[in-house]
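Participant: Show me how the following folds:
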Amino acid sequence: MTNKKIMIVDDEEAILTLLTAVLNKEGFNNIKAINDSISSIKVCKSYKPDIIILDIMMPTMSGFEVFSEIRKFTDVPILFLSAKSDEVDKILGLGFGADDYITKPFSPKEVAFRIKAHLRIVERIKESLNNDDEKLHTKDFTIDFKNGEITKGNNTYELRAKELKLIKLLVTNKNNILPKDMIIEKVWGESFDGYDNTLMVHIRKLREKLENDPSAPNYIKTVKGIGYKFSI
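Facilitator: Presented below is the predicted three-dimensional model:
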(Lines give C-alpha, C1' and ligand atoms only; values in the text may rest on other atoms or scores of the structure.)
Protein backbone atom coordinates (compact mmCIF):
# COMPACT_ATOMS: atom_id res chain seq x y z
CA MET A 1 0.00 0.00 0.00
CA THR A 2 2.87 2.40 0.75
CA ASN A 3 3.79 2.52 -2.95
CA LYS A 4 0.48 4.25 -3.73
CA LYS A 5 0.61 7.75 -5.16
CA ILE A 6 -0.99 10.53 -3.11
CA MET A 7 -1.75 14.03 -4.38
CA ILE A 8 -2.41 16.85 -1.89
CA VAL A 9 -3.93 20.11 -3.14
CA ASP A 10 -3.95 23.06 -0.72
CA ASP A 11 -2.89 26.69 -1.06
CA GLU A 12 -1.36 26.68 2.45
CA GLU A 13 2.27 25.57 2.31
CA ALA A 14 2.24 24.73 6.02
CA ILE A 15 -0.49 22.13 5.52
CA LEU A 16 1.27 20.64 2.50
CA THR A 17 4.50 20.33 4.49
CA LEU A 18 2.75 18.88 7.54
CA LEU A 19 0.75 16.25 5.65
CA THR A 20 3.73 15.26 3.52
CA ALA A 21 5.88 14.74 6.62
CA VAL A 22 3.20 12.69 8.40
CA LEU A 23 2.54 10.51 5.37
CA ASN A 24 6.28 9.97 4.90
CA LYS A 25 6.43 8.67 8.48
CA GLU A 26 3.54 6.32 7.66
CA GLY A 27 5.61 4.89 4.81
CA PHE A 28 4.10 6.83 1.89
CA ASN A 29 6.93 8.26 -0.19
CA ASN A 30 5.25 8.93 -3.52
CA ILE A 31 3.51 12.22 -2.71
CA LYS A 32 2.77 15.16 -4.96
CA ALA A 33 1.99 18.42 -3.09
CA ILE A 34 0.31 21.14 -5.19
CA ASN A 35 -0.41 24.67 -3.95
CA ASP A 36 -2.30 25.88 -7.02
CA SER A 37 -5.83 24.66 -7.71
CA ILE A 38 -5.81 25.28 -11.47
CA SER A 39 -2.52 23.51 -12.18
CA SER A 40 -3.59 20.57 -9.98
CA ILE A 41 -5.94 19.34 -12.71
CA LYS A 42 -3.14 19.06 -15.27
CA VAL A 43 -0.82 17.47 -12.70
CA CYS A 44 -3.50 14.94 -11.81
CA LYS A 45 -3.77 13.81 -15.44
CA SER A 46 -0.03 13.17 -15.72
CA TYR A 47 0.70 11.98 -12.17
CA LYS A 48 -2.30 9.60 -11.99
CA PRO A 49 -2.62 9.53 -8.19
CA ASP A 50 -4.29 6.68 -6.31
CA ILE A 51 -5.96 9.11 -3.90
CA ILE A 52 -6.37 12.90 -3.62
CA ILE A 53 -6.61 15.23 -0.61
CA LEU A 54 -8.34 18.39 -1.80
CA ASP A 55 -8.86 21.65 0.07
CA ILE A 56 -12.12 23.49 -0.63
CA MET A 57 -11.25 27.14 0.01
CA MET A 58 -8.57 28.06 -2.52
CA PRO A 59 -7.98 31.17 -4.65
CA THR A 60 -8.65 31.23 -8.41
CA MET A 61 -10.56 27.92 -8.36
CA SER A 62 -12.43 26.27 -5.49
CA GLY A 63 -12.01 22.67 -4.45
CA PHE A 64 -15.54 21.98 -5.64
CA GLU A 65 -14.64 23.18 -9.14
CA VAL A 66 -11.40 21.18 -9.15
CA PHE A 67 -13.35 18.11 -8.01
CA SER A 68 -15.82 18.44 -10.89
CA GLU A 69 -12.99 18.67 -13.43
CA ILE A 70 -11.05 15.74 -11.99
CA ARG A 71 -14.15 13.55 -11.94
CA LYS A 72 -14.34 13.89 -15.72
CA PHE A 73 -11.31 11.64 -16.17
CA THR A 74 -10.75 9.62 -12.97
CA ASP A 75 -12.72 8.02 -10.15
CA VAL A 76 -9.89 7.76 -7.60
CA PRO A 77 -10.92 8.51 -4.00
CA ILE A 78 -11.06 12.24 -3.21
CA LEU A 79 -11.10 13.51 0.37
CA PHE A 80 -12.14 17.10 0.97
CA LEU A 81 -10.44 19.31 3.55
CA SER A 82 -13.02 21.72 4.98
CA ALA A 83 -12.66 24.63 7.38
CA LYS A 84 -16.34 25.58 7.59
CA SER A 85 -19.47 23.69 8.61
CA ASP A 86 -21.44 25.13 5.68
CA GLU A 87 -18.92 23.56 3.30
CA VAL A 88 -19.62 20.18 4.87
CA ASP A 89 -23.35 20.82 4.44
CA LYS A 90 -22.72 21.53 0.76
CA ILE A 91 -20.69 18.34 0.33
CA LEU A 92 -23.50 16.24 1.82
CA GLY A 93 -26.52 18.17 0.58
CA LEU A 94 -25.50 18.55 -3.06
CA GLY A 95 -24.22 15.00 -3.37
CA PHE A 96 -20.80 15.90 -4.72
CA GLY A 97 -19.79 12.27 -4.58
CA ALA A 98 -16.68 12.94 -2.53
CA ASP A 99 -15.44 9.84 -0.78
CA ASP A 100 -14.86 11.56 2.54
CA TYR A 101 -14.31 14.92 4.19
CA ILE A 102 -12.04 16.06 7.00
CA THR A 103 -12.69 19.24 8.97
CA LYS A 104 -9.98 21.69 9.99
CA PRO A 105 -8.26 21.74 12.38
CA PHE A 106 -7.50 18.07 11.88
CA SER A 107 -5.20 15.44 13.27
CA PRO A 108 -2.55 14.51 10.67
CA LYS A 109 -2.72 10.95 11.98
CA GLU A 110 -6.45 10.92 11.25
CA VAL A 111 -5.77 11.95 7.66
CA ALA A 112 -3.28 9.10 7.29
CA PHE A 113 -5.81 6.68 8.77
CA ARG A 114 -8.53 7.84 6.35
CA ILE A 115 -6.19 7.53 3.39
CA LYS A 116 -5.30 3.94 4.31
CA ALA A 117 -8.97 3.07 4.80
CA HIS A 118 -9.95 4.35 1.36
CA LEU A 119 -7.02 2.65 -0.34
CA ARG A 120 -8.14 -0.63 1.24
CA ILE A 121 -11.64 -0.10 -0.17
CA VAL A 122 -10.21 0.36 -3.65
CA GLU A 123 -8.20 -2.85 -3.31
CA ARG A 124 -11.30 -4.77 -2.19
CA ILE A 125 -13.20 -3.41 -5.18
CA LYS A 126 -10.52 -4.75 -7.53
CA GLU A 127 -10.66 -8.13 -5.81
CA SER A 128 -14.45 -8.26 -5.96
CA LEU A 129 -14.54 -7.82 -9.71
CA ASN A 130 -12.30 -10.89 -10.16
CA ASN A 131 -13.97 -13.15 -7.59
CA ASP A 132 -16.50 -15.60 -9.06
CA ASP A 133 -16.57 -18.57 -6.71
CA GLU A 134 -17.93 -17.39 -3.36
CA LYS A 135 -21.32 -17.53 -1.70
CA LEU A 136 -22.81 -15.22 0.88
CA HIS A 137 -25.25 -16.75 3.36
CA THR A 138 -27.56 -14.67 5.55
CA LYS A 139 -30.65 -15.60 7.54
CA ASP A 140 -32.81 -14.19 4.73
CA PHE A 141 -31.05 -15.21 1.51
CA THR A 142 -28.02 -16.77 -0.19
CA ILE A 143 -26.09 -15.12 -3.00
CA ASP A 144 -24.30 -17.51 -5.35
CA PHE A 145 -21.74 -15.33 -7.13
CA LYS A 146 -20.42 -18.13 -9.34
CA ASN A 147 -23.81 -18.98 -10.81
CA GLY A 148 -25.24 -15.49 -10.55
CA GLU A 149 -28.24 -16.38 -8.41
CA ILE A 150 -30.02 -15.26 -5.27
CA THR A 151 -31.99 -17.81 -3.27
CA LYS A 152 -34.61 -16.45 -0.88
CA GLY A 153 -36.91 -18.95 0.78
CA ASN A 154 -38.23 -21.25 -1.93
CA ASN A 155 -37.47 -18.78 -4.71
CA THR A 156 -34.34 -18.49 -6.83
CA TYR A 157 -33.70 -15.32 -8.81
CA GLU A 158 -31.26 -15.03 -11.68
CA LEU A 159 -29.00 -11.98 -11.61
CA ARG A 160 -28.34 -10.04 -14.78
CA ALA A 161 -24.71 -9.23 -15.54
CA LYS A 162 -24.76 -5.69 -14.13
CA GLU A 163 -26.79 -6.74 -11.10
CA LEU A 164 -24.20 -9.41 -10.31
CA LYS A 165 -21.33 -6.99 -10.72
CA LEU A 166 -23.10 -4.43 -8.53
CA ILE A 167 -23.97 -6.80 -5.69
CA LYS A 168 -20.44 -8.25 -5.71
CA LEU A 169 -19.05 -4.75 -5.34
CA LEU A 170 -21.38 -3.90 -2.45
CA VAL A 171 -20.88 -7.21 -0.61
CA THR A 172 -17.10 -7.16 -0.91
CA ASN A 173 -17.16 -3.71 0.70
CA LYS A 174 -19.84 -4.57 3.24
CA ASN A 175 -20.44 -1.97 5.96
CA ASN A 176 -18.48 0.60 3.94
CA ILE A 177 -20.08 3.51 2.10
CA LEU A 178 -19.40 3.45 -1.64
CA PRO A 179 -19.90 6.75 -3.51
CA LYS A 180 -22.25 6.68 -6.48
CA ASP A 181 -19.60 7.81 -8.96
CA MET A 182 -17.21 5.05 -7.89
CA ILE A 183 -19.93 2.40 -8.22
CA ILE A 184 -20.90 3.60 -11.69
CA GLU A 185 -17.29 3.68 -12.87
CA LYS A 186 -16.60 0.14 -11.59
CA VAL A 187 -19.86 -1.45 -12.77
CA TRP A 188 -20.58 0.43 -16.01
CA GLY A 189 -17.15 1.81 -16.83
CA GLU A 190 -18.61 5.24 -17.42
CA SER A 191 -18.54 8.63 -15.74
CA PHE A 192 -21.28 9.58 -13.29
CA ASP A 193 -23.21 11.86 -15.66
CA GLY A 194 -26.42 10.27 -16.91
CA TYR A 195 -26.07 7.02 -14.98
CA ASP A 196 -27.64 8.07 -11.68
CA ASN A 197 -31.09 6.77 -12.65
CA THR A 198 -29.59 3.58 -14.08
CA LEU A 199 -27.90 2.88 -10.77
CA MET A 200 -31.09 3.55 -8.80
CA VAL A 201 -33.04 1.13 -11.00
CA HIS A 202 -30.49 -1.63 -10.44
CA ILE A 203 -30.47 -0.98 -6.69
CA ARG A 204 -34.27 -1.23 -6.65
CA LYS A 205 -34.18 -4.55 -8.54
CA LEU A 206 -31.62 -5.99 -6.14
CA ARG A 207 -33.70 -4.90 -3.16
CA GLU A 208 -36.74 -6.63 -4.62
CA LYS A 209 -34.76 -9.87 -4.70
CA LEU A 210 -32.98 -9.51 -1.34
CA GLU A 211 -35.08 -7.51 1.06
CA ASN A 212 -38.12 -8.59 3.04
CA ASP A 213 -39.45 -5.06 2.57
CA PRO A 214 -37.72 -3.28 -0.34
CA SER A 215 -39.20 0.07 0.74
CA ALA A 216 -37.44 -0.24 4.11
CA PRO A 217 -34.22 -2.10 3.26
CA ASN A 218 -32.07 -3.76 5.90
CA TYR A 219 -29.21 -4.76 3.63
CA ILE A 220 -28.73 -2.32 0.73
CA LYS A 221 -28.97 1.08 2.38
CA THR A 222 -28.94 4.53 0.81
CA VAL A 223 -26.51 7.04 2.32
CA LYS A 224 -28.07 10.36 1.38
CA GLY A 225 -25.94 12.56 -0.82
CA ILE A 226 -23.11 10.02 -1.04
CA GLY A 227 -23.99 6.53 -2.24
CA TYR A 228 -24.88 3.08 -0.93
CA LYS A 229 -23.80 0.64 1.75
CA PHE A 230 -24.35 -3.10 2.12
CA SER A 231 -25.00 -3.71 5.82
CA ILE A 232 -24.63 -7.11 7.39
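Participant: Local confidence estimate at residue 106?
Facilitator: Per-residue pLDDT puts residue 106 at 83.
Participant: quick one: what helix or strand has the nearest residue to it once chain neighbours are set aside in it?
Facilitator: Leaving aside its sequence neighbours, residue 106 sits nearest to residue 81 (CB to CB, 6 or more residues apart in numbering; 7.3 Å). (C-beta placed from N, C-alpha, C; glycine too.) Per DSSP states H and E: residue 81 is located in strand 78-82.
Participant: How much space separates the residue of the chain positioned farthest from its centre from residue 44?
Facilitator: In the chain, counting by CA atoms, centre = their mean, residue 154 sits farthest out from the average C-alpha position, at 35.2 Å. According to CB to CB, to the nearest Å, residue 154 and residue 44 sit 52 Å apart.
Participant: which helix is the longest one in this protein?
Facilitator: As assigned by DSSP state H, the longest helix anywhere in the chain is helix 108-128.
Participant: need the next SSE after the one helix or strand in the chain whose mean pLDDT sits lowest, C-terminal direction.
Facilitator: Lowest on mean pLDDT, DSSP states H and E among the helices and strands of the chain sits helix 85-93, with a mean of 59. The helix or strand immediately downstream of helix 85-93 is strand 100-103, counting by DSSP H and E.
Participant: Would you state the helices of this structure in chain order?
Facilitator: Under DSSP H, the chain gives helices at 13-25, 37-47, 63-70, 85-93, 108-128, 161-172, 180-188, 196-210.
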